[in-house]
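Peer 1: kindly return the folded structure for what I paste below:
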Amino acid sequence: MSRTHVADYILKRLREWDVEHVFAYAGDGINGLLAAWDRAEDPPRFIQSRHEEMSAFQAVGYTKFCGRVGVCAATSGPGAVHLLNGLHDAKLDHVPVVAIVGQTAPRDTRAAASLSGAGRGCHD
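Peer 2: This is a model prediction of the structure:
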């Protein structure tokens, strides 16, 4: 029996909203979502961008010209920040855009690794 992941539920919700396209730039933070696309056999279609900022602007343009909800996705950290220009454009023009942003597991971040020594003094 296969497990259902959060990313599968996200794609299911996007289908319920009749989302046809998701504009995204792949990265480690959304690997789970990319794996869900591999398992899925129906929309939404993943459209690879060359940069996260372009993903957001594509979603905004899609909404403005097609009248459907635009969706963009990016990995965590700088990838998420790069979505902001396009999302700000959507806000100013009152355009509905959904941004999906990944999250790196805490065990995989440098901050978590440095916290493993918590409790020790700086000069120990």
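
Peer 1: show me where the chain has its helices.
Peer 2: Along the chain, counting by DSSP state H, helices occupy 6-16, 31-39, 52-66, 78-82, 84-92, 110-115.

Peer 1: and the nearest residue to P43 once chain neighbours are set aside, how many neighbours?
Peer 2: Leaving aside its sequence neighbours, P43 sits nearest to E20 (Cβ to Cβ, 6 or more residues apart in numbering; 5.3 Å). For every residue, glycine as well, the C-beta is placed using N, CA and C. The tally of other residues near E20 (other Cβ atoms under 10 Å) stands at 16.

Peer 1: isn't E20 up against R68?
Peer 2: Yes - in this structure, E20 is within contact of R68 by Cβ atoms under 8 Å, at 6.9 Å.

Peer 1: list the residues that contact both of these two?
Peer 2: With contacts taken as Cβ atoms under 8 Å, 6 or more residues apart in numbering, E20 and R68 have no neighbour in common.

Peer 1: about what we covered before: what about the residue nearest to P43, distance to D28?
Peer 2: Distance, E20 to D28, using Cβ to Cβ, to the nearest Å: 26 Å.

Peer 1: now swap in D89 and tell me
Peer 2: For D89 relative to D28 (Cβ to Cβ), the value is 27 Å.

Peer 1: ok, now which ones touch F23?
Peer 2: Contacts of F23 by Cβ under 8 Å, 6+ apart are 47, 49, 54-56, 58-59, 62, 70-73.

Peer 1: bridging residues for it?
Peer 2: I47, C72 (DSSP bridges).

Peer 1: pLDDT score for it?
Peer 2: Here the pLDDT value assigned to F23 is 94.

Peer 1: for it, give its distance to P44.
Peer 2: Relative to P44, F23 is positioned 10 Å away (Cβ to Cβ).

Peer 1: joint contacts of the two?
Peer 2: Between them, F23 and P44 share these contacting residues under Cβ under 8 Å, 6+ apart: V71.

Peer 1: tell me, please, the helix or strand in this protein that averages the lowest pLDDT.
Peer 2: Using mean pLDDT, DSSP states H and E, helix 110-115 stands out as the lowest-scoring helix or strand of the chain, at a mean of 54.
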